[in-house]
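S.K.: got a structure for you, letters missing:
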Ligand SMILES: [Ca+2]
Ligand SMILES: [Ca+2]
């Protein structure tokens, strides 16, 4: 049995109840595989001798290394005071990939070390929300001028329903400075280290747009663990972004095949990388017998010219998904037509090697 040290509940903002669940036979994977509600049958006596009845509470668990992922970034909000459009603010959305509610304590946003080895760090200060439910987003907004959420400018630009129930964390007195996308940002945990990193480039936006001011970059598939330019594109929401809502361009790879046979295919196929939020990327699925391969994947056009080195010596499990956004290595959209993906998987340890090939059609 996995060892459980403790779980914490949100019964009181400042006090945690700690249970030794391993004594009850609850394992770490039990905790991670579903959302837990804690109900307390007996009233609880506090230090002053008063009894409190405790309503059922959600139990949150510290993040796993895969739990929390940057999911959307607004780095260039509308801020023209004369355009008669409510001003926006910069924000970061984070997605909880786990099946359990994840605790938000001890989390920081940190910046890459500067040349003196210093890291600026911004702690999550909010006391209202201490966890994010499974497969739901969390929103971080900067509030340089200490504005309460009820009057925060983000609400004028992006209506957020059920605000009192929402997961908005205001970082007071800070400015993200998100306009510098090349500065890497880290989502870090005081004890668990770095959970995710984010950098981005204006080039990830739809190049056909006259301006991308006021438009966020959204992650397409919220689940994969890798960070890649392939997985980000311009929001197509009418308000320019989807803070605390499902990303407008979201596209999720279908769940993995359960068969043990060897598979290598694109889905959807054809796909249409035209920035309309519908089948803008294709997922290259692979599955096979062993898990120790290093994999490389190349995309060629039908004349045999190399278009994109999608994967270069990545560790592949015995199944996985690779995303292609229909762009070449220079970030330009490829012409419509048929493309060929070659995969080479090598296991230097025992000399195993695989070569697989499949095709995909890029449509309009
Ligand atoms: Ca969103
Ligand atoms: Ca499309």
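M.R.: Happy to help now that I have it. Note that this is a predicted model, so its numbers are computed, not measured. Numbers count the residues shown, from 1 in each chain. Ligands and ions are numbered 1, 2, ... in the order given.

S.K.: could you find the closest non-adjacent residue to residue 70?
M.R.: Sequence neighbours aside, residue 198 is the residue nearest to residue 70 in space, at 4.1 Å (criterion: C-beta to C-beta, 6 or more residues apart in numbering). In this view, the C-beta of every residue, glycine as well, is placed from N, C-alpha and C.

S.K.: list the beta-bridge partners for that neighbour.
M.R.: residue 185 (DSSP bridges).

S.K.: who in the stretch 151-300 of the chain is up against ligand 2?
M.R.: Residues of the stretch 151-300 of the chain that fall close to ligand 2, judged by C-beta under 5 Å from the ion: 272, 274, 276, 278, 279, 280.

S.K.: give the contact list for the residue of the stretch 251-364 of the chain found nearest ligand 1.
M.R.: The minimum distance from the stretch 251-364 of the chain to ligand 1, using C-beta to the ion, falls at residue 277 (12.2 Å). Contacts for residue 277 (C-beta atoms under 8 Å, 6 or more residues apart in numbering) come out as 236, 248, 249, 250, 251.

S.K.: the closest residue to ligand 2 within the stretch 151-300 of the chain: neighbouring residues, count only.
M.R.: Residue of the stretch 151-300 of the chain nearest ligand 2, by C-beta to the ion: residue 272 (3.6 Å). Neighbour count of residue 272, defined by other C-beta atoms under 10 Å: 18.

S.K.: also residue 262?
M.R.: Residue 262 - counted by other C-beta under 10 Å - has 12 other residues nearby.

S.K.: grab the nearest non-local neighbour of it.
M.R.: Residue nearest to residue 262 in three dimensions, not counting chain neighbours: residue 288, with 4.6 Å by C-beta to C-beta, 6+ apart.

S.K.: equivalent analysis for residue 289, please.
M.R.: Using C-beta to C-beta, 6+ apart, the nearest residue to residue 289 is residue 318, at 6.6 Å.

S.K.: wait, that neighbour sits on residue 290?
M.R.: Yes - counting by C-beta atoms under 8 Å, residue 318 does reach residue 290; the two are 6.1 Å apart.

S.K.: now the stretch 201-350 of the chain, which segments are flagged as low pLDDT?
M.R.: 225-227, 256-260 (pLDDT under 70).

S.K.: residues of it that sit close to ligand 1?
M.R.: 242, 247.

S.K.: Three-state assignment for residue 304, please.
M.R.: Under DSSP: H, G, I helix; E, B strand; the rest coil, the three-state class of residue 304 is coil.

S.K.: what about it, how many residues nearby?
M.R.: 7.

S.K.: what does residue 275 give?
M.R.: Residue 275: 18 surrounding residues under other C-beta under 10 Å.

S.K.: likewise the one 10 residues further on?
M.R.: Here the neighbour count serves as a burial measure; for residue 285 (other C-beta under 10 Å) it reads 19.

S.K.: then residue 313?
M.R.: 10.

S.K.: how close does the residue of the stretch 101-250 of the chain at minimum distance from ligand 1 get to residue 218?
M.R.: Here the stretch 101-250 of the chain gets closest to ligand 1 at one residue, residue 242, 3.5 Å apart by C-beta to the ion. Between residue 242 and residue 218 the computed distance is 7 Å (C-beta to C-beta, to the nearest Å).

S.K.: one step back: list the contacts of the residue nearest to residue 262.
M.R.: 262, 263, 318, 319, 345, 354.

S.K.: the second one pairs with what?
M.R.: Okay, so that is residue 263. For residue 263, the beta-bridge partners under DSSP bridges are residue 287.

S.K.: check residue 358 too.
M.R.: residue 341.

S.K.: residues contacting the residue nearest to residue 289?
M.R.: Residue 318 sits in contact with 287, 288, 289, 290, 291, where contact means C-beta under 8 Å, 6+ apart.
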